[in-house]
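Engineer: Below: sequence and its predicted model.
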Amino acid sequence: MLNRHSSRRASLYETFLKPRLAGAQRYDRIAGYFQSSLLELASESLADIPRIRIVCNTEVSAEDVKTVRMATGARRKELEEGLLRLAWNAGHFPHLVDVHGIPAQTRLNVLHDLLMASGKEGRLFEIRLVPDSEFGFVHGKGGIVEGDWGKTSFIGSANDSARAWTKNYELVWEDDTPESVAWVQEEFDALWDKGFPLSEFIVKQIGRLSQRTVIEHVGPWKEKPTPAPLLAEVPTATELFGFWDHQKYFINLAFQEHLKYREDAQRGARFLLCDGVGLGKTLQLGALAKLIGTLDSLPILIMAPKPLLAQWQEELLQKLAIPSARWEGGGWLTERDEFHPALPGKATNCPRKIGIVSTSVVTSAPLSARNSALVEQLLEKRFSCVIWDEAHKIRRGNLSVNNVYSPPEKKRLYKFAEALAARAKTLLLATATPVQLHSMELWDLLYILSMNNPQVLGSPNSLWRKVDGPEVFDILAGRKEIEGYGEKWRYWRDPMPSPLDAKAHAFEWVRQDLGLSSTDSQASDADQDTVDDARKFDLEFLPLREVNPFTQWVVKRSRDRLEAEGKLVKIEMVPHGDGHPILCSHSMGQAFELAEDFAKALHHRVKAGGFIKTLLQRRVGSSLEAGLRTAEKMLAGKQLDDDDDPDEEGGSIYPLMAEEKALLQRLRDHLANHLGREDDPKFERLRHVLGLEFDGQKWIERGVLIFSQFYDSAYALAEFLVKHFDEPIGLYSSTSSSKLFEAGRVQSVDRELLKEKVTQGRLKLLIGTDAASTGLNLQRLGCLINLDLPWNPTILEQRKGRVQRGTLAKRIPFYNMRYDKGAEQRLFDTLSGRIQEITSIFGTVPDFIVDQWVADMLENKAWNQNTVLTIIAERRENPFTLKETTESLDADWEATAEVLNQTEAFRELASGW
């Protein structure tokens, strides 16, 4: 019989839903979006029904759903967990609890109890999420109720909210005929079969939020500081995979070390983080900055190469909800783009607790009174924490085989780092390539860490400080064995190892035997006789290579190992086009020759480094438009905002000589004439690639993220593509330079708008500059194109690392655009054949190889693939392989029910120096 129900005539809940659920044995429900407010009304009724199944709508990427469906076994479970995590996070449930308070928590508590009781005593309460890619947005609502009295079905507008059943105007049609019940059941079953069961993560989160309490002020947290309350609800915790276990391990390790020395103003955590590209070094260090900055009153300083400053600031804010200010143009620029000019005589008037400064400020200090003043004033302050990114650039000048064991020739960065380390409580250095030419580079970084902190390298008489010969490095490399407990004790006693990992655990007992506290760093020679005999036996068989300052204070993980152990989702980057470079016309070949001639002319006159001299070459190689604009700026004598920042010491290229100006004029005219006749061939190739197919979809249909080093190239490409595609095009750059090309207009937009359009599937073409694109991922963009090949190939790895984090897709196609002539192509040819051998040694392509290639190019010295290995063999002495840190932390931070008020945490970090 058909019954029509209208909320205008009577309460739908009182006259329909409540009496149907009373005494029901089964309830199948198509709910649209599941909303727990229904539990306020019907919790007792639902708790009494033995069998309840609910299907809900969720919006996730069709590509991600396809990836999950194709997987099997443990991989399927892992990807399904990630997919449902995305769905949960999109609901912003912690915010809803903040808004609705205790009633919302009560409902979630009931829901959690129902879910946890499912499967016990014959009860079933299950919710499945149906991706909108299966049937479109699940907007229809319906249900089947079965009891001792029979079955009935209903459809209508009411969703599962209390408001829908009690306050809204809603219509429900009920029909208990077998035909109607079968019809609704068939619809339900179709959705049910395509749905994903709630994951363990979601069930835990429901339970967490039902018990969630907020620490309203930072004071109570400071009394018992732990990472979970501060990090449980930062944006990263709600991303696809949250904090990875290897990240949690280092964050917890370094924070506990910082806390160990809480009462000592001079000492703190001292680590060198050497994770491979794409494993989240910035995220880990940023989380530590948040923890330490919330705990301590002293400021925090982050040193990084200039192109990374905006990335650091953006990632701190977007991933960790951390305010900061970066040094820019004689003042401080906050995360809100508020500029605070440096005060006269006080450049360190940073308006945030965390300040970010370019390492080029140090290298350029002799040429800039403003930078010189900042450097001097930084060394007058004390910091609770200093973080130094790309720390391998802190290197001595004497690394050749003839003088490496001589006292260090300290370059400007080295001297500054040494002095700064003495002003920092906690010091964290980071680099993916700590050893390039000689293991002495690694020792130098440990030496910097050891300032005021004898736990790192020991006292001035420690054997680990004696590097006037190769002995220490021979021990580390296994070329020399130290035998016997007594001989090894000479090394272990100063500094005394801390029980930081499983291999060093024996030293916890050794310290107890000797009455040493956790902060004591030295034992005497005679103390070896006081050690318990059982411990002596253990130490007798413990190799010195396994526990020493280089294993204690250096943390290194590789993506390959983490993927092989199943601790990271393996993402396959599928290359396209490497064997088909873009053919250069005679005209373009001439342009490359003119750019190279200009670089060589500068080389004979200017003291600046090779990357400064070859700036024009790199920009011509990126795009002809970038080359033209650069030539025009140089002819006008304008300083260029170089997108590379190699921290080179040297002078300006200006004023230009007559010969140099003549070359620039010829190049400018040449490029202008070429672009007047035809488009850039690189742009034409890119247009072709967008129409290619990969796994059954065109690249442009999958969505494409295009990277370039240079804003001029990115903008010119956007102008080109908008003429050929009826698609909006986003240009993701600095805050003031991001654009949206749409409907014949170009408008300045906030970067968050571009990201939102990508997330909603409304933007399929996004061009990003390296300096701004750290926050981007491929959750909705399924392809990657490199418009140019940076001369430092590490940047290519960084681009891959960024896109490997944000997606479930296991195959991502990428295309490297390059011409078949010019310096860029020669470097690619040189490195590509030996890339596997190089990365097997270093983990990535180290700076010194590219630096040497540039220097030799300027001197007309040709390279081939074997030259690379010859250079490595000649210049790299005493190499040893850093042992990987295999520990991880399986702490469920995201499940903690006690969280610190994020507004209070933000306010704590928003104060200035």
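Structural biologist: Perfect, thanks for sending it. Residues are numbered from 1 along each chain as shown.
Engineer: quick one: the closest residue to Ile322 other than its chain neighbours from Leu288, how far?
Structural biologist: Closest residue in space to Ile322, ignoring its immediate chain neighbours: Leu316 at 4.0 Å, by Cβ to Cβ, 6 or more residues apart in numbering. C-beta coordinates here come from the backbone N, C-alpha and C atoms, glycine included. Between Leu316 and Leu288 the distance is 11 Å, computed by Cβ to Cβ, to the nearest Å.
Engineer: And Asp176, by the same measure?
Structural biologist: 62 Å.
Engineer: More neighbours: those two, which one.
Structural biologist: Taking other Cβ atoms under 10 Å, Asp176 and Leu288 do not tie; Leu288 has more neighbours (26 against 16).
Engineer: Return the residues in contact with that one.
Structural biologist: Shown in contact with Leu288 (Cβ atoms under 8 Å, 6 or more residues apart in numbering): 251, 254-255, 258, 269, 385, 387, 426, 428.
Engineer: Among those residues, which are located in strands?
Structural biologist: Of the positions in the contacts of Leu288, 385, 387, 426, 428 sit in strands, assigned by DSSP state E.
Engineer: So what touches the longest helix belonging to the chain?
Structural biologist: Across the chain, the longest stretch assigned as helix under DSSP state H is helix 658-677. Identification of contacts with helix 658-677 by Cβ under 8 Å, 6+ apart yields 587-588, 590-591, 594-595, 597-598, 601-602, 605, 616, 620, 624-625, 627-628, 631-632, 634-635, 656.
Engineer: Buried residues in it, which are they?
Structural biologist: 660, 663-664, 666-668, 670-671, 674-675 (16 or more other Cβ atoms under 10 Å).
Engineer: Other residues contacting the helix or strand following it?
Structural biologist: Using DSSP states H and E, the next helix or strand after helix 658-677 towards the C-terminus is helix 681-690. Residues from elsewhere that reach helix 681-690 (Cβ under 8 Å, 6+ apart): 576-577, 582-585, 588, 623-624, 698-700, 704, 706, 716-717, 720-721, 724-725, 765, 785, 787, 815, 817, 819.
Engineer: Could the C-alpha coordinates of stretch 134-149 be exported in CSV?
Structural biologist: Written as CSV, here are the backbone C-alpha positions of stretch 134-149 (Å, rounded to 0.1, in the frame of the first residue of the first chain):
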residue,chain,number,x,y,z
GLU,A,134,30.4,5.2,-9.5
PHE,A,135,26.9,6.6,-10.0
GLY,A,136,27.4,10.3,-9.7
PHE,A,137,26.5,12.2,-6.6
VAL,A,138,24.3,10.0,-4.4
HIS,A,139,21.4,12.5,-3.9
GLY,A,140,18.5,10.1,-3.8
LYS,A,141,17.4,8.8,-0.4
GLY,A,142,15.5,5.7,0.4
GLY,A,143,15.3,2.7,2.7
ILE,A,144,13.9,-0.7,3.6
VAL,A,145,12.7,-1.6,7.1
GLU,A,146,11.9,-5.2,8.1
GLY,A,147,10.2,-6.3,11.3
ASP,A,148,7.9,-9.0,12.6
TRP,A,149,5.1,-7.2,10.9
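Engineer: Quick test: name the residue nearest the centre of the chain.
Structural biologist: Central residue of the chain (Cα atoms, centre = their mean): Gly280, 4.3 Å from the mean position.
Engineer: Can you tell me the SS state at Glu546?
Structural biologist: The three-state label given to Glu546 by DSSP: H, G, I helix; E, B strand; the rest coil is coil.
Engineer: from memory it sits against His505, does it?
Structural biologist: No. Taking Cβ atoms under 8 Å as the definition, Glu546 is not a contact partner of His505, at 11.5 Å.
Engineer: The protein - how does it break down into domains?
Structural biologist: 2-210, 231-481, 484-542, 572-579+680-875, 591-663 (automatic domain parsing).
Engineer: Please name whichever of the ones you listed is nearest to Ala897.
Structural biologist: domain 2-210 (5.1 Å; Cβ to Cβ).
Engineer: Pull the distance from stretch 715-734 to the chain's centre.
Structural biologist: 26 Å (Cα atoms, centre = their mean, to the nearest Å).
Engineer: end-to-end on it?
Structural biologist: 12 Å (Cα to Cα, to the nearest Å).
Engineer: List the buried residues for it?
Structural biologist: Neighbour count says stretch 715-734 has 715-722, 725, 728-733 buried, by 16+ other Cβ under 10 Å.
Engineer: Now, those residues that are in helices?
Structural biologist: Using DSSP H, the buried residues of stretch 715-734 in helices are 715-722.
Engineer: Of the buried residues of stretch 715-734, which pair is most distant in space?
Structural biologist: Taking Cβ to Cβ, no two of the buried residues of stretch 715-734 sit farther apart than Phe725 and Ser733, at 19.9 Å.
Engineer: which SSE is the residue nearest to Ala506 when sequence neighbours are not counted in?
Structural biologist: Distances taken as Cβ to Cβ, 6+ apart put Asp538 closest to Ala506, at 4.8 Å, once the chain neighbours are dropped. Following DSSP H and E, one finds Asp538 within helix 533-540.
Engineer: just how off-centre is that helix within its chain?
Structural biologist: 43 Å.
Engineer: Would you mind pulling up the elements that that helix packs against?
Structural biologist: Applying 3 or more Cβ pairs under 8 Å, 6 or more residues apart in numbering; DSSP states H and E, we find helix 533-540 packed against helix 485-492, helix 506-514.
Engineer: Need the contact partners of stretch 720-736.
Structural biologist: Against stretch 720-736 from outside (Cβ under 8 Å, 6+ apart): 310, 337, 679-680, 683, 686-687, 690, 700, 711, 714-715, 718, 737-743, 748-751, 754-755, 757-758, 762-769, 771-773, 776.
Engineer: Please pick the buried ones from the residues you listed.
Structural biologist: Buried among the contacts of stretch 720-736 (16+ other Cβ under 10 Å): 310, 679-680, 683, 686-687, 690, 700, 711, 714-715, 718, 738-742, 749, 751, 754-755, 757-758, 763-769, 771-773, 776.
Engineer: I'd like to know which of those residues are part of strands.
Structural biologist: Per DSSP E, the subset of those in strands is 739-742, 765-769.
Engineer: Next, the angle from the helix or strand containing Thr630 to helix 658-677.
Structural biologist: Assigned by DSSP H and E, Thr630 belongs to helix 624-635. On the basis of axes from the mean of the first three to the mean of the last three Cα atoms, to 10 degrees, helix 624-635 is oriented at 150 degrees to helix 658-677.
Engineer: buried stuff in helix 624-635?
Structural biologist: 624-631, 633-634.
Engineer: What of stretch 697-708?
Structural biologist: 697, 699-700, 702-708.
Engineer: Now tabulate these in a markdown table and tack on pLDDT, distance to Cys350 and secondary structure.
Structural biologist: Converted to a markdown table, the buried residues of stretch 697-708 look like this (pLDDT from 0 to 100; distance: Cβ to Cβ, whole Å; DSSP: H, G, I helix; E, B strand; the rest coil):
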| residue | pLDDT | distance to Cys350 | secondary structure |
| --- | --- | --- | --- |
| Gln697 | 86 | 48 | strand |
| Trp699 | 93 | 44 | helix |
| Ile700 | 93 | 44 | helix |
| Arg702 | 87 | 43 | helix |
| Gly703 | 89 | 39 | coil |
| Val704 | 92 | 39 | strand |
| Leu705 | 90 | 33 | strand |
| Ile706 | 92 | 35 | strand |
| Phe707 | 90 | 31 | strand |
| Ser708 | 91 | 31 | strand |
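Engineer: List just the nearest of these to Phe473.
Structural biologist: Once Cβ to Cβ is applied, the member of the buried residues of stretch 697-708 that ends up nearest Phe473 is Phe707, at 38.3 Å.
Engineer: Buried residues, stretch 249-259. List them.
Structural biologist: For stretch 249-259, by 16+ other Cβ under 10 Å, it's 249-255, 257-259.
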